[in-house]
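Trainee: Sequence and predicted structure, then a few things I'm wondering about:
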Amino acid sequence: MLDKENTGLIVVDIQGTLARLVHDSDTLILHCKKLIKGAQTLNLPIIWLEQNPDKLGSTIQELDLLHDNHTPITKFTFNACLSPEFVEAIRAANKESWLICGIEAHVCVYQTALNLKELGLNVQLVSDCVSSRTVTNKNLAISKLANQGVNITGLEMCLFELVKDCRALEFKDILELIK
């Protein structure tokens, strides 16, 4: 079970025109925005990644809420764990569990999630907060990650798992997010 005291969120490469080209992009963007707001409500650390932003563009405007107390980590490798700045941010956050969302599911999200798992971390892929240009590639990534021991969760599932109790101070805010 996820615990808000020991969980963080990784937002992978939701940027430029690619964010508009992935399968069901409007839903992906809406769900990622809710996940980020939920993480902020629960005071989870958020690590925000951008793949080669000079070429791909910056994070989309709908996710401007990331600018509150966060700076993107620029990367050039598909696997963010090959970026020393990312690995340092993971270590500095000192969390054992990481939710991961973003694009593309079968490239950067897949490689990063798998490597985080190999580093001994509990990785939870938020399945309705990832996408690829084709649904086939999204589903392939989810299937392969699940077969390799990465936990699969959903937006509502992980937020309620983190809140745990309807009497929690954050419950009403989280409930408003998912309505």
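Mentor: Done, it's in.

Trainee: Mind jotting down where the helices sit in the chain?
Mentor: With DSSP state H, the ranges of helices along the chain come out as 18-21, 25-41, 53-56, 84-93, 110-118, 135-147, 155-163, 171-178.

Trainee: what packs against the first one?
Mentor: Where contact means 3 or more CB pairs under 8 Å, 6 or more residues apart in numbering; DSSP states H and E, helix 18-21 is packed against helix 25-41. In short, each C-beta sits where N, CA and C put it, glycine included.

Trainee: Now do the helix it packs on: which elements does it pack against?
Mentor: strand 7-12, helix 18-21, strand 46-51, strand 97-103, strand 122-131, helix 155-163, helix 171-178.

Trainee: Put together TSV for the ones you listed, with mean pLDDT on each row.
Mentor: Listed next are these as TSV, based on pLDDT from 0 to 100:
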stretch	mean pLDDT
strand 7-12	98
helix 18-21	95
strand 46-51	96
strand 97-103	98
strand 122-131	98
helix 155-163	96
helix 171-178	94
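
Trainee: Can you give the contact residues for stretch 133-150?
Mentor: Stretch 133-150 has contacts (CB atoms under 8 Å, 6 or more residues apart in numbering) with 18, 21-24, 104-106, 109-110, 113-114, 117, 123-125, 127, 130-132, 152.
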